[in-house]
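S.K.: okay, sequence plus prediction incoming.
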Amino acid sequence: GAVVSQHPSRVICKSGTSVKIECRSLDFQATTMFWYRQFPKQSLMLMATSNEGSKATYEQGVEKDKFLINHASLTLSTLTVTSAHPEDSSFYICSASTVTGELFFGEGSRLTVL
Amino acid sequence: GEDVEQSLFLSVREGDSSVINCTYTDSSSTYLYWYKQEPGAGLQLLTYIFSNMDMKQDQRLTVLLNKKDKHLSLRIADTQTGDSAIYFCAERRDDYKLSFGAGTTVTVRA
């Protein structure tokens, strides 16, 4: 089946620094990518929808300047957590949609901000 | 409030069947999904059902959909220790966005 790769799988950073997480569709072109955030023992919360070549659409309550999303190509979307703080520590998961609407998820990236 | 609701915990004996229930609210949902998440890992798609279907079976997995009651269930036959995980049901909206339940933690005991 289709594969979505996320990198890094784990990252620890100091408060105030920025962290970039990559989401790649390895064997298909992803017209749309989604970024989710998962708090411990909770469900996934959709943060934003990213379409290649256009600005991301953010869900209500998600800070656009805090979570920068770039979808520069049909196989790569990036999420940058800017000026990270401990409350940004979470599990971030991306999913990629094929042209037929099938969704595939990455393995997730665990961010810990000290 | 939650659009998709699930019970939070299920404990089952190895070899028995597990049944995980889910209710959703959006009657226009086209697809309903079941995902499995093991500790520290991403989501693995287990199965999905189209909204015009009542049942789908795939090896040990059986999905039942009651569209009138907006109720979805996942039955795992002959549950094994490797089935211990969190199971999420999700509904897909017209814009391809998924709305997830809180997840059901399934614990398989010997």
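M.R.: Everything's here; your move.
S.K.: for chain B, tell me whether the lowest-mean-pLDDT helix or strand in chain A is touching it.
M.R.: None of the helices or strands of chain A scores lower by mean pLDDT, DSSP states H and E than strand A:103-105, at a mean of 86. Yes - contact of strand A:103-105 with chain B (C-beta under 8 Å from any C-beta of the partner chain) involves A:103-105. Heads up, the C-betas are built off the backbone N, CA and C, glycines and all.
S.K.: would you mind pulling up the elements that that strand packs against?
M.R.: Other helices and strands packing on strand A:103-105, by 3 or more C-beta pairs under 8 Å, 6 or more residues apart in numbering or on different chains; DSSP states H and E, are strand A:90-97, strand B:43-50.
S.K.: quick one: buried residues of the last one?
M.R.: The one in question is strand B:43-50. Within strand B:43-50, the residues scored as buried using 16 or more other C-beta atoms under 10 Å in any protein chain shown are B:43, B:45-49.
S.K.: and that strand, which strands flank it?
M.R.: strand B:31-37 (antiparallel) (DSSP bridges).
S.K.: give me the below-cutoff pLDDT ranges for chain A.
M.R.: Across chain A, the ranges flagged by pLDDT under 70 are A:1-2.
S.K.: what about the strands in it?
M.R.: A:4-7, A:10-13, A:19-25, A:32-38, A:44-51, A:57-58, A:67-73, A:76-81, A:90-97, A:103-105, A:109-113 (DSSP state E).
S.K.: out of these, the one nearest residue B:35 is which?
M.R.: Closest to residue B:35 of the strands of chain A is strand A:103-105 (C-beta to C-beta; 7.5 Å).
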